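show me the folded form of this:
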Amino acid sequence: MRAKKEGFGLLNYQVRIGLAPLRRDVTPRPGIFNWQKAEERAKRLTAYIKEQYADNNVSFADVAGINDRDIIITERDADLAAERFRDVDAVFIINCNFGNEEAAARLAGKLGKPVLLWAPLDEEFSPDGMRYTDSQCGMFGISRQLQRCNIPFSYLQTCRVEDPLFDQGFRRFVAVACMVKNFRGLRVAQVGMRPKPFCSVIFNEGELLQKFGIQTVPVNLAVVIDKYNEILTRRGAELEKGAALLRGRYELDELTEPLLKKVYAFVLLYQEIFREYDVGAISAECWTAMQRAVGAMPCTAYSILADKGYIVSCESDMHGAISMVLLACASLGKVPFFGEFTVRHPEEKNTELLWHCGPFAYSLKAQDSKASMVNMRQWFRVKDGRYTVARFEQDNGKYTLLSGVCDSAEGPYTFGTYLWAKFKNLPQWEKKLVEGPYIHHLAEIEGDYTEELREFCKYVPHLAPDSVDE
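You can find the predicted model right below:
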């Protein structure tokens, strides 16, 4: 998993979670709402979660010291916890006995961050019939209070902390928190204008800002050309190394060989744009004005940039760039690619060619696939696996996030970078793309992140999840 590096231009996959154990505040008595049992649980559960899940991408804040019990009991404790959690990306409410719905909603409301609610399995039953925690029961009360306060939340099914169910649900929530963190206030550079015939990639810059806080940063093509030419003049040593990298990776045609430095110059160019404009992704014009202006194609440069952690969508597809950002965050830093629905398999009715002319990350290449460069564009097949397919899109002011999965399949050899993808019901995917509001440009990433994408939509007003297979 890739964490954010120093400087600008990469998304931040580091997620900090506030651990918020709760117990009910009542007069001490035997049986349910037992203070001692709840506090023992809080210590054990927070220690386990920190030990099992803290890594380079995930860190935690806790409530130790906010009172003499190290657990949230009152609304005043919730205020202190909110102050402690100012720098977290999400909060995990752990209901250690019946809990306190007022404190839970107060904490969640003050933070305005994604919330995960969980009740550990109630396991202790004494011979005299007494129960000690009733955590699940309290979870129902907390969830209803969150609903009444219009606080979106995720919930993890009641289980033991050691259960695989907990592991899956907690990791899913971390991914959702990462998506929300990077989506809010995202800046995407628009390099050049869209090609004239590409009406399908039209987007509404004002709506993205008003509805989601996503800022489009225009980068004039004249500025891009000046930067590119300066790189050719001043950064010869880096260009030589880049050309050597390309020679080592690919079989080259006669047209491409003398242009390798110019191809690699795009890598340095886009790194400058990421840094100078402080953006998390780029939507770029790539195949008309760019080639005419500088005499080279940037497709293979996008591949190199992808493996360095930069997200660039081709053909001026702003919504495509946003789709790639969401997949990268859902996976905590895997490399997405931008394969469009292109042709159906000639024989398999549920298999489709996900293709683009050469921008996919080199790290995605199938081991047995030959890598070549023809007219400055990569040719290779993507490695086998299961992939999430997604598209962020708009129609008449309504935004949706489509997601589904496909599996790699056998298919005819073809040019460019590509994956033959088998879907559960390809005719339904075709119908969805034809009838809209989607286009054939979709983002893909290895693994199944459809649950994460659907859950993410809970935290984004004006965005609804969508699916083909359900």
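
how many neighbours does the closest residue to residue 297 other than its chain neighbours have?
The shortest distance from residue 297 to any non-neighbouring residue, by CB to CB, 6 or more residues apart in numbering, is to residue 376 (4.1 Å). No exception for glycine: its C-beta is placed from N, CA and C like everyone else's. Using other CB atoms under 10 Å, residue 376 is surrounded by 25 other residues.

quick check: phi and psi at residue 233.
Residue 233 adopts backbone torsions of phi -80, psi -40, taken as degrees, to the nearest 10.

tally of neighbours for it?
Residue 233 has 8 neighbouring residues, counting by other CB under 10 Å.

helices or strands up against the strand or helix carrying residue 321?
Secondary structure assignment for residue 321, by DSSP states H and E: helix 318-330. Where contact means 3 or more CB pairs under 8 Å, 6 or more residues apart in numbering; DSSP states H and E, helix 318-330 is packed against helix 164-183, strand 187-191, strand 281-284, strand 312-313, strand 386-395, strand 443-446, helix 450-456.

any chance of JSON lines for these, columns mean neighbour count?
Listed next are those as JSON lines, based on neighbours: other CB atoms under 10 Å:
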{"stretch": "helix 164-183", "mean neighbour count": "20"}
{"stretch": "strand 187-191", "mean neighbour count": "22"}
{"stretch": "strand 281-284", "mean neighbour count": "27"}
{"stretch": "strand 312-313", "mean neighbour count": "27"}
{"stretch": "strand 386-395", "mean neighbour count": "22"}
{"stretch": "strand 443-446", "mean neighbour count": "24"}
{"stretch": "helix 450-456", "mean neighbour count": "22"}
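
now do the helices in this structure.
35-53, 75-84, 101-111, 135-148, 164-183, 205-212, 221-234, 236-249, 260-277, 289-294, 299-307, 318-330, 426-435, 450-456 (DSSP state H).

can you list the buried residues in the second one?
Of the residues in helix 75-84, those buried by neighbour count under the rule 16 or more other CB atoms under 10 Å are 77-82, 84.

and which of the residues you listed is nearest to residue 319?
residue 82 (34.9 Å; CB to CB).

so the closest one makes contact with residue 112?
No - assessed by CB atoms under 8 Å, residue 82 is found out of contact with residue 112, at 9.9 Å.

give me the contact list for the helix or strand of the chain with the lowest mean pLDDT.
Using mean pLDDT, DSSP states H and E, the weakest-scoring helix or strand in the chain turns out to be helix 289-294, at a mean of 86. By CB atoms under 8 Å, 6 or more residues apart in numbering, the residues outside helix 289-294 that reach it are 192-193, 195, 221, 224-225, 228-229, 262, 265, 284, 296-298.

and that helix, which residues are buried?
290, 293-294.

list just the nearest of those residues to residue 242.
The closest of the buried residues of helix 289-294 to residue 242 turns out to be residue 294 (CB to CB; 15.2 Å).

how near is that closest one to residue 253?
19 Å (CB to CB, to the nearest Å).

next one: residue 64
63 Å.

count the neighbours of residue 45 for me.
18.

hmm, it is touching residue 92, no?
No - assessed by CB under 8 Å, residue 45 is found out of contact with residue 92, at 9.8 Å.

got phi/psi on residue 384?
phi -70, psi 150.

which residue packs closest to it, ignoring adjacent ones?
residue 408 is the one closest to residue 384 (CB to CB, 6+ apart), at 4.2 Å.

state the number of residues packed around the one you found.
So residue 408, with other CB under 10 Å, has 20 neighbours.

next up, the contacts around it.
382-387, 419-422.

please identify the most buried of the helices of the chain.
Among the helices of the chain, ranked by average contacts under mean count of other CB atoms under 10 Å, first place goes to helix 318-330 (a mean of 27).

against residue 433, how distant is residue 395?
For residue 395, the distance to residue 433 equals 13 Å [CB to CB].

re earlier: what's the closest of the buried residues of helix 75-84 to residue 316?
residue 82 (42.2 Å).

what's near enough to touch the residue nearest to the closest one when sequence neighbours are not counted?
Spatial nearest neighbour of residue 82, chain neighbours left out: residue 110 (4.0 Å); criterion: CB to CB, 6+ apart. Each residue near residue 110 by CB under 8 Å, 6+ apart is listed here: 78-79, 82.

okay, those in JSON lines with pLDDT and distance to residue 125 next?
As requested, those are exported to JSON lines (pLDDT from 0 to 100; distance: CB to CB, whole Å):
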{"residue": "78", "pLDDT": "98", "distance to residue 125": "30"}
{"residue": "79", "pLDDT": "98", "distance to residue 125": "35"}
{"residue": "82", "pLDDT": "98", "distance to residue 125": "35"}
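
pull the number of nearby residues for the residue nearest to residue 184 when sequence neighbours are not counted.
Of all residues not flanking residue 184 in the chain, residue 213 sits nearest, at 5.8 Å (CB to CB, 6+ apart). The criterion is other CB under 10 Å. On that basis, residue 213 has 12 neighbouring residues.

what score does residue 213 have for pLDDT?
Note on residue 213: pLDDT of 97.

likewise for residue 314?
The predicted local confidence for residue 314 is 90.

got the contact list for it?
If you count contacts by CB under 8 Å, 6+ apart, residue 314 has them with 284, 286-287, 299, 302, 320, 338, 356, 359.

make JSON lines from these and add pLDDT and distance to residue 178 to it.
Shown next, in JSON lines, are the contacts of residue 314 (pLDDT from 0 to 100; distance: CB to CB, whole Å):
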{"residue": "284", "pLDDT": "94", "distance to residue 178": "24"}
{"residue": "286", "pLDDT": "82", "distance to residue 178": "28"}
{"residue": "287", "pLDDT": "76", "distance to residue 178": "32"}
{"residue": "299", "pLDDT": "94", "distance to residue 178": "28"}
{"residue": "302", "pLDDT": "97", "distance to residue 178": "23"}
{"residue": "320", "pLDDT": "97", "distance to residue 178": "20"}
{"residue": "338", "pLDDT": "97", "distance to residue 178": "20"}
{"residue": "356", "pLDDT": "96", "distance to residue 178": "26"}
{"residue": "359", "pLDDT": "95", "distance to residue 178": "24"}
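
thank you kindly, that will do.
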